[in-house]
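K.L.:
here are the coordinates; sequence isn't available:
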């Protein structure tokens, strides 16, 4: 990046460090922090949507829908996250390719499963081998977002289901007595009030989601952990213009600072949201606000 970086062997001190920290790989490392933040920004609302759908299904009056909602939360929550991430992404990818294969290659006469190999026609592969690199990266990232959303959506469903049950039944019965339909009671009475009960569990789930982002490394996405492992490894002059010893501790300490700072900021944001939602509510937090205002 700097003009004096043309010959790294002649550099030392701060000049060497400034050139080292602005290499192409380090730029990818810095960009990977954006990848983590993008994952959180997209996954959180999608997981909340999955959770809301699961919680609503779990309390549905129609038995099959209720069974589906409860099965979703029970199955996904019962499988270890790492096993789910390693298996589900492969299964999801193959499911997409199988559906495309059936549509695009109806005349295919060979078995798709050949031993341990999964073989589809070239037109059905996702992404296509001729696609640019950013398409491959975007597809892998999309699979990661969907996987994270399904996993954490199951936990969010459990939190929201408990929050829905925490809303006083008397308020729902009063709404029905005033002539509100079941749907109106749900959207106008239950949903607005459940958030104050759900927020503690959702905030804890958000913290867990932040800590789970290093699992992107297992999904083939070049995240902060991937680059910390890559850049921190010992580099010799034979394979690098900037040789150095094992710097894993330094890089992972930087990740520690990043995650602690981000979780600290998240705690402050959730504290403000909680104070806003608790205002005027008949909860312990709302009562504490009323006493403090006196």
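P.N.:
That came through fine. What you are looking at is a predicted structure, and each value in this text was computed from that prediction instead of being measured.
K.L.:
CA atoms for contacts and neighbours, from now on please.
P.N.:
Will do.
K.L.:
Against which helices or strands is the helix or strand residue 55 falls within packed?
P.N.:
Following DSSP states H and E, one finds residue 55 within helix 24-58. Using 3 or more CA pairs under 8 Å, 6 or more residues apart in numbering; DSSP states H and E as the contact test, the elements touching helix 24-58 are helix 63-78, helix 133-166, helix 191-212, helix 224-232.
K.L.:
Please convert those helices to TSV, extending it with mean pLDDT.
P.N.:
Below are the helices and strands packed on helix 24-58 laid out as TSV (pLDDT from 0 to 100):
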stretch	mean pLDDT
helix 63-78	90
helix 133-166	88
helix 191-212	90
helix 224-232	89
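K.L.:
and of these, who's closest to residue 6?
P.N.:
Residue 6 lies closest to helix 224-232 among the helices and strands packed on helix 24-58, at 20.1 Å (CA to CA).
K.L.:
Residues in contact with the closest one: which ones?
P.N.:
Contacts to helix 224-232, defined as CA atoms under 8 Å, 6 or more residues apart in numbering, come from residues 25-26, 28-30, 32-33, 36, 214, 217, 246-252, 255.
K.L.:
when you compare where that helix runs with where helix 24-58 runs, what's the angle?
P.N.:
For helix 224-232 against helix 24-58, the angle by axes from the mean of the first three to the mean of the last three CA atoms, to 10 degrees is 160 degrees.
K.L.:
Following the chain past helix 224-232, name the next helix or strand.
P.N.:
Going down the chain from helix 224-232, the next helix or strand is helix 248-278, by DSSP H and E.
K.L.:
Which of the residues in that following helix are classified as buried?
P.N.:
By 16 or more other CA atoms under 10 Å, the buried positions in helix 248-278 come out as 248, 251-252, 255, 263, 267, 270, 274, 277-278.
K.L.:
Could you check how far residue 276 is from residue 196?
P.N.:
As judged by CA to CA, to the nearest Å, residue 276 and residue 196 stand 9 Å apart.
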